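Participant: have a look at this fold, sequence not included:
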């Protein structure tokens with residue numbers, strides 16, 4: 001009986017205890033069951049920094065790796081991540097290494113992630129060479145998880161990668177093969193060639209280079225030879241170079257055909273960098289020009305070895321270039337050799353003695369020399385008298401007659417006449433005379449005999 005009584009007493013107690021437990025479960029379940037927790041940490045890493053614009057393949061691609069790490073203590077389930085990206089080019093490609101893409105397009109669903117495990121999403125950017133933004137960025141945010149996230153401070157991550165635009169310093173230069181070029185040169189080593197060179201000073205390979213070229217000449221346009229690259233199919237004065245590595249050069253040749261009568265007097269060329277895919281870091285060497293002077297061959301019409309431009313008688317051979325009167329015309333073609341104003345064909349003395357003073361030998365007489373209408377000068381006539389005289393007396397007499405004539409013609413004064421006669425008397429003319437004094441009594445003829 002006693003045992004039965006105890007059972008009756010225990011059952012109500014048991015029912016009461018159960019009702020209390022049920023009530024607690026309903027209002028405070030955490031007091032009854034253990035709560036699951038998980039610290040989910042979000043991070044993003046970049047594959048390169050900076051990324052080169054135009055990179056779209058292989059190891060040069062930019063990849064942002066979004067990682068969710070479960071730091072525990074419990075397994076995390078039904079994780080939902082939200083991600084985004086900013087870029088001036090195409091939308092990045094997505095590769096869900098773990099989990100799947102959510103219905104929103106920018107959500108990532110991870111069904112379960114054990115403590116200590118990671119889930120990964122790869123975001124691959126396709127950076128255009130002309131990307132206008134200058135950077136590429138991504139971000140990721142934990143939206144929800146079944147468990148309690150114990151640290152909200154690591155639920156968001158962002159990464160920004162700068163874009164480096166490829167650059168190249170392209171230097172344009174022109175050199176000439178000869179200076180000056182001889183007019184009429186049109187073959188072999190005598191040709192004028194302008195060599196246009198483009199050099200890539202780096203730091204990156206240059207692609208799709210376009211050079212504009214031109215030339216000035218008074219003859220037929222120059223011939224063009226492209227040692228590298230090619231002629232633009234549409235624009236006639238463009239030179240296209242598809243690619244030029246750092247330190248390399250590209251060359252084109254411009255061969256001029258200079259006519260013998262080219263009117264311009266020079267030949268010139270110029271070249272200008274029009275465009276290149278990369279950023280040109282130095283615009284100061286994008287243009288070059290070269291001018292070559294034309295030398296016209298010297299003409300020697302009379303074949304005397306002296307070019308016409310330098311010949312004082314271009315049409316009459318005179319290699320000695322003799323010019324007795326110093327008037328710039330050679331003696332062989334000078335119509336007035338003594339430059340006395342009387343042409344040689346009517347000049348009594350074509351090669352007159354044009355010294356400024358009347359001379360008796362080496363002695364100046366103090367009277368000005370004059371040119372007569374016949375082309376003869378006083379000195380010419382005095383010299384002729386000296387040649388004709390057989391003795392000093394004849395010479396003095398001849399000079400005296402001429403002096404009288406000059407005085408009557410008003411060409412000289414009485415004083416000058418006296419000077420001339422006195423000079424003649426003193427002169428040792430002709431040289432075979434032993435006494436220069438024509439009035440010496442020893443040789444003066446005596447009267448009455």
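Facilitator: It's in. Predicted model, so just to flag it, every value in this text is computed and none were measured.

Participant: surely residue 398 meets residue 389?
Facilitator: Yes: if you go by C-beta atoms under 8 Å, residue 398 and residue 389 touch, sitting 6.2 Å apart. (Glycine included, C-beta is placed from N, CA and C.)

Participant: what's the overlap in contacts for those two?
Facilitator: Between them, residue 398 and residue 389 share no contacting residue under C-beta atoms under 8 Å, 6 or more residues apart in numbering.

Participant: show me the residue at the heart of the protein, geometrically.
Facilitator: In the chain, the C-alpha nearest the mean C-alpha coordinate belongs to residue 288, at 2.2 Å (C-alpha atoms, centre = their mean).

Participant: could you say which helix or strand holds it?
Facilitator: strand 287-295 (DSSP states H and E).

Participant: with residue 307 instead?
Facilitator: With DSSP H and E as criterion, residue 307 is part of no helix or strand.

Participant: may I have the distance across stretch 293-302, first residue to last?
Facilitator: Taking C-alpha to C-alpha, to the nearest Å, stretch 293-302 runs 28 Å from one end to the other.

Participant: helix or strand right after the lowest-mean-pLDDT helix or strand in the chain?
Facilitator: Least confident helix or strand, the chain: helix 2-27 with a mean of 59, by mean pLDDT, DSSP states H and E. Following helix 2-27 in sequence order, the next helix or strand is strand 37-46 (DSSP H and E).

Participant: so what are the domain limits for this structure?
Facilitator: 37-164, 167-295, 344-426 (automatic domain parsing).

Participant: as TSV, those with distance to residue 302 and mean pLDDT would be great.
Facilitator: Output for the domains of the chain, formatted as TSV (distance: least, C-beta to C-beta, whole Å; pLDDT from 0 to 100):
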stretch	distance to residue 302	mean pLDDT
domain 37-164	70	93
domain 167-295	20	94
domain 344-426	20	91
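
Participant: can you list the ones you listed in JSON lines and add distance to residue 319?
Facilitator: Output for the domains of the chain, formatted as JSON lines (distance: least, C-beta to C-beta, whole Å):
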{"stretch": "domain 37-164", "distance to residue 319": "72"}
{"stretch": "domain 167-295", "distance to residue 319": "23"}
{"stretch": "domain 344-426", "distance to residue 319": "20"}
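
Participant: quick one: residues contacting the closest residue to residue 165 other than its chain neighbours.
Facilitator: Closest residue in space to residue 165, ignoring its immediate chain neighbours: residue 53 at 4.6 Å, by C-beta to C-beta, 6 or more residues apart in numbering. With contact set as C-beta under 8 Å, 6+ apart, residue 53 has these partners: 127-131, 163-166.

Participant: filter those down to the ones in strands?
Facilitator: Counting by DSSP state E, the contacts of residue 53 place 163-164 in strands.

Participant: looking at the contacts of residue 53, state which has the most neighbours.
Facilitator: Counting neighbours by other C-beta atoms under 10 Å, residue 127 comes out on top of the contacts of residue 53 with 28 neighbours.

Participant: doesn't residue 63 make contact with that one?
Facilitator: No: when contacts are counted by C-beta under 8 Å, residue 127 is not listed as touching residue 63 (11.4 Å).

Participant: now do the helices in this structure.
Facilitator: Here the chain has its helices, by DSSP state H, at 2-27, 378-388, 392-408, 414-426.

Participant: packing partners of the third one?
Facilitator: Same thing as helix 392-408. In terms of contacts (3 or more C-beta pairs under 8 Å, 6 or more residues apart in numbering; DSSP states H and E), helix 392-408 is packed against helix 378-388, helix 414-426.
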